[in-house]
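Peer 1: Got a predicted structure plus its sequence, pasted below:
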Amino acid sequence: MADDELQQALALSLQQAPSPSADEARQLAEAIARSLDPAPPSPPSASSADADLQAAIDLSLTAHTSLPPVLPAVPSAATLHQLLFGDASPLVEAQWLHQGICFAPPPAALPEGALPFAAALAQEHGGPCAVLASAQAFLLRRLLFDPDPHTPRQLPLPPPPSPPATPPPAHASLLPSAEAAADALLRGLADILWAAATTRDSGPPNDASTATIALLPPEAPPPDGGAAPLLAALLAHAVEAHSWRGVYDALGARVASLHAPVGALSFLTSALLSRGLGPFTAERDDASRPLIDPQFGHCSQEGLNLLLTGQERRPRHTLARRATSNVFDGERDLGGGLVLRGVASRPAVGLLSVLEALRYLQVGNFFKQPHAPIWVVASETHYSVLFGLSTSVQAIDPLSTIERQLEEVFSQYDQEGNGFISAEHLPTVMGALPQWHLPSVEELRPLLDPDGTSMLIWDRFLRELLPLHPEAAAALAAQQQAGAAADEPRSFELLHYNGLSGAGHAHKRALRAVAVRCGGARGQPVAGGSNESLAAVIQTRWKDASVSWEGPPPSIN
């Protein structure tokens with residue numbers, strides 16, 4: 001199209017559309033100027049197959065709205081490379097260029113204590129474990145708790161169906177057919193990308209959303225030369241989808257690229273492009289750091305949070321920040337205009353961290369209580385997956401619910417998880433507990449700080465305030481009347497999967513059953529004697545649980 005024709009077309013489109021904002025007008029002017037300047041060297045060109053796929057995806061578009069046009073920010077390969085890798089070594093890049101999202105072959109023999117698992121993803125190299133653990137978690141959510149195979153995630157999930165007269169084997173759901181496992185993977189990956197899709201700050205939940213699928217088509221093999229040429233090729237062949245079904249179809253059309261050695265990096269790139277590099281960067285606490293650790297190759301917490309939480313909406317359809325760098329609930333105002341942003345609401349799947357067991361941080365209740373009983377487990381060097389086969393593992397008794405309410409208020413002033421706060425916060429804390437039947441500050445202070453240290457200790461705070469909630473008092477009375485039967489510990493089974501194999505890690509790839517017994521373990525040593533074990537991580541979610549398993553301890557590293 002000639003330059004004057006381009007200007008006329010753009011002018012006509014502006015006349016027909018509502019007036020853009022100042023920022024949108026500036027972006028449009030910059031786009032026009034770029035279109036009239038001499039073009040820079042072209043990246044790898046998109047093929048006719050890309051255009052055909054885009055046309056097929058566009059058939060699933062919803063009706064256009066009258067919203068003003070928004071010009072998509074198309075990043076350069078150099079910008080994308082800097083955000084992902086920074087100054088990472090070629091070795092770190094190589095880790096990400098040799099890890100696909102594909103199923104593990106069945107082992108010749110199961111390791112001691114391991115269970116058969118026909119939907120296990122394989123990790124051959126360190127580094128991309130955040131992508132693989134997220135993919136595994138969303139695959140399991142679709143496989144175990146999916147009421148409809150062709151809809152976006154609908155929360156909250158329905159309760160599990162009643163068991164049949166002749167129950168199937170306990171772990172039969174973990175042995176799907178190859179077709180069912182492959183479809184659950186595609187649906188789970190589509191959930192991640194559609195949740196991360198860019199949309200406006202108002203309107204219906206899926207209004208004007210756009211996801212980007214940056215996967216190479218079969219006729220375009222990955223280029224040589226490292227990550228930068230690959231990212232350029234991904235940008236050249238990327239297609240957009242404006243519905244969950246469009247994302248699902250696009251992933252299915254290029255599933256071979258997911259399975260290829262560049263699959264994990266391609267999918268992470270797709271999530272970033274779906275969110276938008278500009279919004280993603282603006283939402284980070286520190287935008288100067290690359291998303292992938294330049295020394296060890298691990299994905300940052302921000303990248304993992306984007307994959308796990310995607311787009312979480314507050315009331316009135318305002319968007320929560322999706323590139324959050326933290327794992328606590330809500331926001332924390334540190335003063336001076338510095339606000340740290342955590343998780344805005346309950347996600348589809350959750351997160352537990354060994355760093356909480358080591359008292360380096362505290363994971364919020366949103367991550368601990370996701371809609372599906374599936375958690376990514378973070379160690380200091382790796383990510384694996386913990387899950388239950390029934391939503392009943394998430395059951396919380398009334399006393400625990402009230403305890404969590406107290407914990408949420410207390411943690412607002414104990415942001416480092418030290419277990420104590422200054423007594424000067426007591427009036428504010430009391431004001432945040434309107435349901436409690438509290439005495440005056442003067443009466444409560446000596447109960448919480450009998451030694452006059454001007455510090456409020458969490459254990460005493462919980463012990464003194466828990467009975468002062470009217471529902472807690474009723475629950476305690478009912479428990480005492482019921483006698484010992486009410487104190488019978490609740491037991492259930494969790495399953496842990498670590499997909500890492502390869503040199504030095506072959507023994508780790510296994511699905512293991514973990515027996516959890518709630519009650520009686522508070523204050524007792526962690527199983528195995530290590531605060532870095534899976535048992536210690538489980539106790540951050542079920543604080544009084546005893547944990548056991550058959551065979552060697554499950555590895556979270």
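Peer 2: Sure thing, it's come through.

Peer 1: From now on I want contacts and neighbour counts done on CA atoms only, so please keep to that.
Peer 2: Fine.

Peer 1: any idea which helix or strand comes after the host helix or strand of Ala513?
Peer 2: Per DSSP states H and E: Ala513 is located in strand 510-518. The element immediately downstream of strand 510-518 (helix or strand, assigned by DSSP H and E) is helix 534-541.

Peer 1: Show me what that next one is packed up against.
Peer 2: strand 350-353, helix 354-357, strand 545-549 (3 or more Cα pairs under 8 Å, 6 or more residues apart in numbering; DSSP states H and E).

Peer 1: Return the list of strands paired to the strand holding Ala513, each annotated with direction.
Peer 2: Partner strands and pairing direction for strand 510-518 (DSSP bridges) are strand 114-115 (antiparallel), strand 491-498 (antiparallel), strand 545-549 (antiparallel).

Peer 1: if I look at the residue lying closest to Glu331 once chain neighbours are set aside, how far off is Gln369?
Peer 2: In this structure, Glu331 finds its nearest non-sequential neighbour in Arg341, 4.5 Å apart by Cα to Cα, 6 or more residues apart in numbering. When distance is defined by Cα to Cα, to the nearest Å, Arg341 is 18 Å away from Gln369.

Peer 1: pretty sure the residue nearest to Glu331 contacts Gly330?
Peer 2: Yes. Counting by Cα atoms under 8 Å, Arg341 does reach Gly330; the two are 6.3 Å apart.

Peer 1: and the residue at minimal distance from the centre of the chain, what element?
Peer 2: The centre of the chain sits closest to Leu308, judged by Cα atoms, centre = their mean, with a distance of 1.3 Å. Under the criterion DSSP H and E, the helix or strand holding Leu308 is helix 301-309.

Peer 1: distance between that helix and the chain's centre?
Peer 2: 5 Å (Cα atoms, centre = their mean, to the nearest Å).

Peer 1: who does that helix touch, helix- and strand-wise?
Peer 2: So helix 301-309, by 3+ Cα pairs under 8 Å, 6+ apart, packs with helix 129-145, helix 178-196.

Peer 1: Of those helices, flag the one that's most buried.
Peer 2: Among the helices and strands packed on helix 301-309, helix 129-145 has the highest mean neighbour count (mean count of other Cα atoms under 10 Å), at a mean of 26.

Peer 1: Mind giving me the packing neighbours of that helix?
Peer 2: Where contact means 3+ Cα pairs under 8 Å, 6+ apart, helix 129-145 is packed against helix 178-196, helix 263-275, helix 301-309, strand 374-378, strand 383-387.

Peer 1: so where's the stretch 351-500 of the chain shaky on pLDDT?
Peer 2: Regions of the stretch 351-500 of the chain meeting the criterion pLDDT under 70 cover residues 416-417, 478-489.

Peer 1: For it, which segments are assigned as helices?
Peer 2: Listed in chain order, the helices of the stretch 351-500 of the chain (DSSP state H, counting those that start in this stretch) span 354-357, 365-368, 398-411, 426-431, 441-448, 458-465, 470-482.

Peer 1: roughly how far apart are Pro128 and Ala77?
Peer 2: If you go by Cα to Cα, the gap between Pro128 and Ala77 works out to 20 Å.

Peer 1: An error on my part: the question was meant for His125.
Peer 2: 24 Å.

Peer 1: do the same with Leu91
Peer 2: 20 Å.

Peer 1: Could you do Asp224 as well?
Peer 2: Counting by Cα to Cα - Asp224 and Ala77 are separated by 15 Å.

Peer 1: In terms of neighbours, single out the busier of those two.
Peer 2: Shown here are Asp224 and Ala77; by other Cα atoms under 10 Å, Ala77 has more neighbours (20 against 9).

Peer 1: That one reaches Leu235, doesn't it?
Peer 2: Yes. Between Ala77 and Leu235 a contact is recorded at 7.3 Å, counting by Cα under 8 Å.

Peer 1: remind me which residues of the stretch 51-200 of the chain are low pLDDT?
Peer 2: For the stretch 51-200 of the chain, the ranges with pLDDT under 70 are 51-74, 147-169, 199-200.

Peer 1: domain parsing for the chain?
Peer 2: 398-485, 490-549 (automatic domain parsing).

Peer 1: could I get the ones you listed as a markdown table with distance to Cys102 and mean neighbour count?
Peer 2: As requested, the domains of the chain are exported to a markdown table (distance: least, Cα to Cα, whole Å; neighbours: other Cα atoms under 10 Å):
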| stretch | distance to Cys102 | mean neighbour count |
| --- | --- | --- |
| domain 398-485 | 38 | 15 |
| domain 490-549 | 11 | 19 |
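
Peer 1: who does the helix or strand harbouring Leu231 touch, helix- and strand-wise?
Peer 2: Secondary structure assigned from DSSP H and E places Leu231 in helix 227-237. Counting contacts by 3+ Cα pairs under 8 Å, 6+ apart, helix 227-237 packs against helix 77-85.

Peer 1: quick one: the helix it packs on to helix 227-237, angle?
Peer 2: 120 degrees (axes from the mean of the first three to the mean of the last three Cα atoms, to 10 degrees).

Peer 1: still on that earlier bit, out of the helices and strands packed on helix 301-309, which gets nearest to Gln405?
Peer 2: Across those, Gln405 has its closest neighbour in helix 129-145 (27.4 Å, Cα to Cα).

Peer 1: what's next to the closest one, contact-wise?
Peer 2: 101, 120-123, 149, 157, 160, 173, 180-181, 184-189, 191-192, 264, 267-268, 298-299, 304, 307-308, 349, 372, 374-376, 382-385, 389 (Cα atoms under 8 Å, 6 or more residues apart in numbering).

Peer 1: Using ChimeraX, define a selection of the buried residues within those.
Peer 2: Selection command for ChimeraX covering only the buried members of the contacts of helix 129-145, criterion 16 or more other Cα atoms under 10 Å:
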select :101,120,121,122,123,173,181,184,185,186,187,188,189,191,192,264,267,268,298,299,304,307,308,349,372,374,375,376,382,383,384,385,389
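
Peer 1: before we move on, the earlier item: mutual contacts of Ala77 and Leu235, please.
Peer 2: By Cα under 8 Å, 6+ apart, no residue touches both Ala77 and Leu235.

Peer 1: Leu355 and His382 touch, don't they?
Peer 2: No. Counting by Cα under 8 Å, Leu355 does not reach His382; the two are 11.9 Å apart.

Peer 1: re earlier: who's in contact with the strand holding Ala513?
Peer 2: When contacts are defined by Cα under 8 Å, 6+ apart, strand 510-518 is touched by residues 110-111, 113-117, 489-499, 542, 544-550, 554.

Peer 1: And stretch 456-470, by the same measure?
Peer 2: 399, 402-403, 406, 410, 419-423, 435-438, 447-449, 472-473, 476.

Peer 1: how far is it from where the chain is centred?
Peer 2: With Cα atoms, centre = their mean, you get 32 Å for stretch 456-470.

Peer 1: again with stretch 369-384
Peer 2: Taking mean C-alpha positions (Cα atoms, centre = their mean), stretch 369-384 and its chain are 9 Å apart.

Peer 1: same check, this time on stretch 261-273
Peer 2: For stretch 261-273, the distance to the chain centre is 15 Å (Cα atoms, centre = their mean).

Peer 1: Dump it to PDB, keeping only the CA atoms.
Peer 2: The C-alpha trace of stretch 261-273 is given here as PDB (Å, rounded to 0.1, in the frame of the first residue of the first chain):
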ATOM      1  CA  PRO A 261      13.400 -29.000  22.400                       C
ATOM      2  CA  VAL A 262      12.300 -25.400  22.200                       C
ATOM      3  CA  GLY A 263       8.900 -26.100  23.600                       C
ATOM      4  CA  ALA A 264       9.300 -24.700  27.200                       C
ATOM      5  CA  LEU A 265      10.900 -21.500  26.000                       C
ATOM      6  CA  SER A 266       8.300 -21.000  23.300                       C
ATOM      7  CA  PHE A 267       5.500 -21.500  25.800                       C
ATOM      8  CA  LEU A 268       7.000 -19.000  28.300                       C
ATOM      9  CA  THR A 269       7.400 -16.600  25.400                       C
ATOM     10  CA  SER A 270       3.700 -17.100  24.500                       C
ATOM     11  CA  ALA A 271       2.600 -16.300  28.100                       C
ATOM     12  CA  LEU A 272       4.700 -13.100  28.100                       C
ATOM     13  CA  LEU A 273       3.400 -11.900  24.800                       C
END
